[in-house]
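Asker: coords below, sequence missing:
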């Protein structure tokens, strides 16, 4: 009996590999999730070891001014003028609530889909809506706002002594900064904007071509505002934006693998 039980862990390992080989959807979903996950860490490494990428892009939006009472040695005064523009501030507020509004729309669509029974019930549609809402909760909310932003300690650009603040600059991925809470790494608004991209496949074919350009524009303008306002570095908005597709792709991969394994049993 013991000799027969010993090979079981190896058999389970091969079962997963065989499942991916037999099911193209599960295989492609897994490859996409792995590629996005790898890309996120690769970009983090680049930004961490080449911090001038962050400093130079933020400096492009910073306007240096003379300090009150004269400029002391090592003191930099100035501001990010785009964050003082009334139109840009209004657009930023509108885009800030766009992901939450979209999540409400998806939740309503999910409730309506769950009200169908029998022949009119569409399980694939219910799964897509549920997956999107779960990705919104786990990505922008849990991963970004509850974990990374709370514990990274990275000061925002306008908080650093490079751009008129008092705290030292910290590279991306460093958790030793002096920011107490709601820190710069990574951007929560960019993460929400990245989640909007994941909604495009949910749109009906006739609406996708019409609405997709607007969704893409809103998804890209949001992180651009955060960068130009001095609220985040380039690495914060890029990695924050990409975090949502990574989470979404990972959930899709888990769903596809689960479905494929059920179909083979």
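Answerer: Okay, I see it. These numbers come from a predicted model, not from an experiment.

Asker: which residues touch residue 135?
Answerer: 195, 198, 244, 247, 248, 251 (CB atoms under 8 Å, 6 or more residues apart in numbering). C-betas here are computed from N, CA, C, even on glycine.

Asker: could you find the closest non-adjacent residue to it?
Answerer: For residue 135, ignoring the flanking residues on the chain, the nearest one in space by CB to CB, 6 or more residues apart in numbering is residue 248 at 4.2 Å.

Asker: give me the neighbour count for that neighbour.
Answerer: By other CB atoms under 10 Å, the residues close to residue 248 number 26.

Asker: for it, what are its contacts?
Answerer: 131, 132, 135, 139, 195, 198.

Asker: can you redo those residues as CSV with distance to residue 152 and pLDDT?
Answerer: As requested, the contacts of residue 248 are exported to CSV (distance: CB to CB, whole Å; pLDDT from 0 to 100):
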residue, distance to residue 152, pLDDT
131, 27, 96
132, 26, 96
135, 21, 97
139, 16, 96
195, 20, 97
198, 24, 94
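
Asker: could you turn the buried ones of those into a ChimeraX selection?
Answerer: Selection of buried members from the contacts of residue 248 for ChimeraX, criterion 16 or more other CB atoms under 10 Å:
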select :131,132,135,139,195,198
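
Asker: quickly find the element holding residue 153.
Answerer: Applying DSSP states H and E as the criterion places residue 153 outside every helix and strand.

Asker: pull the number of nearby residues for it.
Answerer: 19.

Asker: can you check residue 165 too?
Answerer: Count around residue 165 with other CB under 10 Å applied: 16.

Asker: same check on residue 196?
Answerer: Using other CB under 10 Å: residue 196 sits among 23 other residues.

Asker: where does the residue nearest to it when sequence neighbours are not counted land in three-state SS?
Answerer: The shortest distance from residue 196 to any non-neighbouring residue, by CB to CB, 6+ apart, is to residue 219 (4.7 Å). Look at residue 219: counting by DSSP: H, G, I helix; E, B strand; the rest coil, its state is helix.
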